[in-house]
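Q: Sequence isn't available, so here's the structure alone:
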């Protein structure tokens, strides 16, 4: 039977509608699958990451909208379960094996996120600052601030094993005690600053995060090398793979014949600079929307990251994305002088001066509105060529000394 023109047109329209509906269905299913992936991985991460309670350690909860997060980077050569890393990781990070190193917090940084979207600040605490230990683990009242973690962990392990607690349980309970002791020590040292959350990372976590997003762009003022960390870098802007990134943040000496003198404070500044560079890379690479990279980062977190039981991963990721845009600066707390105590080199500090500085950093004055400038005349609109889409990008800022604030948002040059 011959189909009428009207009937044929209706059939073609029906097929187009069916084809269009089919495409819409595929898109919707893809969106549902993406949402399901995010929900599953988010739940997986929340359930898989090691958690510790810090409730009641540093005062009552605040409802001010601001947050203080303590970042703790351990020099231990084991994961969060006390298991050795793979030999490949030891080889890449120049860290020998699980028998080397202790449980020192070689990185201590307080991230203050103010309310209402104000500019955040990262406060680095030099690891060898000589401070009071509020908990006095094993009767030790003072020591390097980095040692608070290991001393408290050792004291807890002795008590728990003497009570017959199983080794695996004693280990995890002692890690919790170590985190709590470190938080108390840092809070007291900074003048009773409340610490709302903590994030703890191992050396392997750092390496594997760098591996997931490599290469990372950094900038050095001087060519330098170090046989201990494996560092070997020319001067200038350069891209680093994961192993080089590890050497970059661990280097604290120069073993060449040059007269370039590095200190532990330079390493602290490098750690700050690397965080800035990593934030820039994460933002550019859209890592938070790349499911493959996101899954890898979550797998790393489950093995080599711990955090408090109140820290929400989703809100933390959103804050991290905001800070990646340049809304944070970094400072290093000052050292008064160097000394030797019980045969160890330590940083002697002016506690009152540090507490005053921290107070000012966490409570900056309210900015006043700048007076408005007169409107320019219509004939002056083309007088400046320094702005607009064709302008030359700003050069990398040059590092001068570790006491100067380091601004985020661009790759900085450091020693």
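A: Thanks, I have the structure now. Only a predicted model underlies this, so the values are computations on that prediction, with no experimental measurement involved.

Q: Assign a three-state SS to the residue nearest the centre of the chain, would you?
A: The centre of the chain sits closest to residue 275, judged by C-alpha atoms, centre = their mean, with a distance of 6.0 Å. Of the three states, residue 275 takes helix under DSSP: H, G, I helix; E, B strand; the rest coil.

Q: so what's it up against?
A: 122, 330 (C-beta atoms under 8 Å, 6 or more residues apart in numbering). Every C-beta, even on glycine, is put in place using the N, C-alpha and C of the backbone.

Q: Just the pLDDT at it, thanks.
A: The model reports residue 275 with a pLDDT of 81.

Q: And for residue 115?
A: pLDDT recorded at residue 115 is 79.

Q: For burial, what's the neighbour tally of the nearest residue to it once chain neighbours are set aside?
A: In space, and not counting its chain neighbours, residue 115 is closest to residue 65: 3.2 Å by C-beta to C-beta, 6 or more residues apart in numbering. Using other C-beta atoms under 10 Å, residue 65 has 11 other residues around it.

Q: now residue 220
A: With other C-beta under 10 Å as criterion, residue 220 counts 20.

Q: Look up how far residue 116 lies from it.
A: Note on residue 220: its distance to residue 116, by C-beta to C-beta, to the nearest Å, is 37 Å.

Q: try residue 280
A: In terms of C-beta to C-beta, residue 280 sits 24 Å off from residue 116.

Q: Give the residue from those two that has the larger number of neighbours.
A: Between residue 280 and residue 116, residue 280 has the larger neighbour count (other C-beta under 10 Å), namely 19 against 7.

Q: In three-state terms, label the more buried one for me.
A: Following three-state DSSP, residue 280 is assigned to helix.

Q: Looks like it contacts residue 218 (just checking).
A: No: applying C-beta atoms under 8 Å, one finds residue 280 not in contact with residue 218, separated by 10.5 Å.

Q: Find residues that contact each of these two.
A: residue 411.

Q: Do I have it right that residue 243 meets residue 89?
A: No: using C-beta under 8 Å, residue 243 makes no contact with residue 89, being 9.6 Å away.

Q: So between these two, which is more surrounded?
A: Higher neighbour count among residue 243 and residue 89: residue 89, with 21 against 18, using other C-beta under 10 Å.

Q: List phi and psi for that one.
A: The phi and psi values for residue 89, taken as degrees, to the nearest 10, are phi -70, psi -40.

Q: How many residues are close by the closest residue in space to it that isn't next to it in sequence?
A: Leaving aside its chain neighbours, residue 89 sits nearest to residue 204 (5.4 Å; criterion: C-beta to C-beta, 6+ apart). Number of residues near residue 204 (other C-beta under 10 Å) recorded here: 27.

Q: Got phi/psi on residue 204?
A: Torsion angles, degrees, to the nearest 10, at residue 204: phi -70, psi -40.

Q: who touches it in this structure?
A: Residues in contact with residue 204, defined by C-beta under 8 Å, 6+ apart, are 79, 85, 89, 93, 300, 303-304.

Q: quick revisit: report the secondary structure state of the residue nearest to residue 115.
A: Classification of residue 65 by three-state DSSP places it in coil.

Q: Same check on residue 410?
A: Strictly by three-state DSSP, residue 410 counts as coil.

Q: Please consider this matter closed, and thank you.
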